[in-house]
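Undergrad: here is my input, please return the structure:
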Amino acid sequence: MSGHSKWASIKRKKAKTDAIRGRLFSRLTREIIVSARVGGGDPDQNPRLRTAIENAKAGNLPNDNIERAIKRGTGDLPGVTYESAMYELYAPGGVAVLVETLTDNKNRTVGEIRHILSKVGGSLAETGSVSWQFDAKGTFVVEAGDTDEDGLMMVVLEAGAEDMELEGDAYFITCPVEAFGAVKDALQESEIPFRDAQISQVPKNYIQLDSSEQRKVLRLLESIEEQGDVQNVYTNLDIAEDVLETAGEA
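TA: As a prediction, this is how the structure comes out:
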């Protein structure tokens, strides 16, 4: 689990900068639009939308933006139609990468990803050649200052979580997809705030590289993260502590 949580830590470091640039707000808005289009505009009847709204609020997306995004998803307001697309990549060193996108133009998105790969390194992989190395899991991020470790562990394990670990100033929790709702409900009922909750792709095993190769891979991952249609990036890179300390600070 360590590689997954360390990459998540790097993304958290970048969250404030991303919000300032509007990138985070764009991703949160797109997820709300698609969630409302797929399952309707009532969060009480649409768990995916409810989670998208909770994450949007945690990311400080204004309520007016949330309401407009829901209406765009349900068709009450005009807007762009987004489609989901998952791309499978190999980064330098044979590191596996999954890229989750919401896009209104798949040709543009794959073209931009190819351009990034041509500059930074790596290649597009055949469908299925990377995805088998990951399992879908429910994942949660809880700030360490918001709760005590023993109490949090008791709550999430009783609700069906598989793993919990402290990485920096946050706890990273994983659970089977089918336990996602139960773990989320348990956190809310215990009044434990969470920074993020989503279905993620967690690697089955991790690849270790030397520090210089790790930094090459991280440059690629961060370049892909900055592409406007990208929602999430997952990798099986095991990130060393010294690399983690400097990553995501620029």
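Undergrad: for Leu187, see how far away the spatially most central residue of the chain is.
TA: Central residue of the chain (Cα atoms, centre = their mean): Asn232, 4.4 Å from the mean position. Distance of Asn232 to Leu187, given as Cβ to Cβ, to the nearest Å: 21 Å. Placement of C-beta: from N, CA and C, glycine included.
Undergrad: figure out the helix or strand that the residue nearest to the centre of the chain lives in.
TA: In the assignment (DSSP states H and E), Asn232 maps to strand 230-235.
Undergrad: residues in contact with that strand: which ones?
TA: Residues outside strand 230-235 that contact it (Cβ atoms under 8 Å, 6 or more residues apart in numbering): 3-4, 7, 27, 30-31, 91, 95-102, 134, 198, 200-203, 217, 221, 224-225.
Undergrad: dump the residue contacts of the residue nearest to Leu61 when sequence neighbours are not counted.
TA: Spatial nearest neighbour of Leu61, chain neighbours left out: Leu28 (4.9 Å); criterion: Cβ to Cβ, 6 or more residues apart in numbering. If you count contacts by Cβ under 8 Å, 6+ apart, Leu28 has them with 52, 55-56, 59, 61.
Undergrad: over to Ala36?
TA: 46, 49, 69-74.
Undergrad: let's see that with 10 Å instead.
TA: Contacts of Ala36 were listed using Cβ atoms under 10 Å, 6 or more residues apart in numbering, and they are 42-43, 46, 48-49, 52-53, 69-76.
Undergrad: could you turn the buried ones of these into a PyMOL selection?
TA: One line in PyMOL is enough to select the buried ones among the contacts of Ala36; burial here means 16 or more other Cβ atoms under 10 Å:
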select buried, resi 43+46+48+49+52+53+69+70+71+72+73
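Undergrad: just the contacts of Ala36 now: which is nearest Gly111?
TA: Of all the contacts of Ala36, Arg72 has the smallest distance to Gly111: 25.4 Å, by Cβ to Cβ.
Undergrad: Ser35 is in contact with that closest one, correct?
TA: No. Assessed by Cβ atoms under 10 Å, Arg72 is found out of contact with Ser35, at 11.3 Å.
Undergrad: torsion angles phi and psi at the residue lying farthest from the centre of the chain?
TA: Most distant residue from the mean C-alpha position of the chain: Asp76, 28.0 Å away (Cα atoms, centre = their mean). When quoted as degrees, to the nearest 10, the phi and psi of Asp76 stand at phi -70, psi -20.
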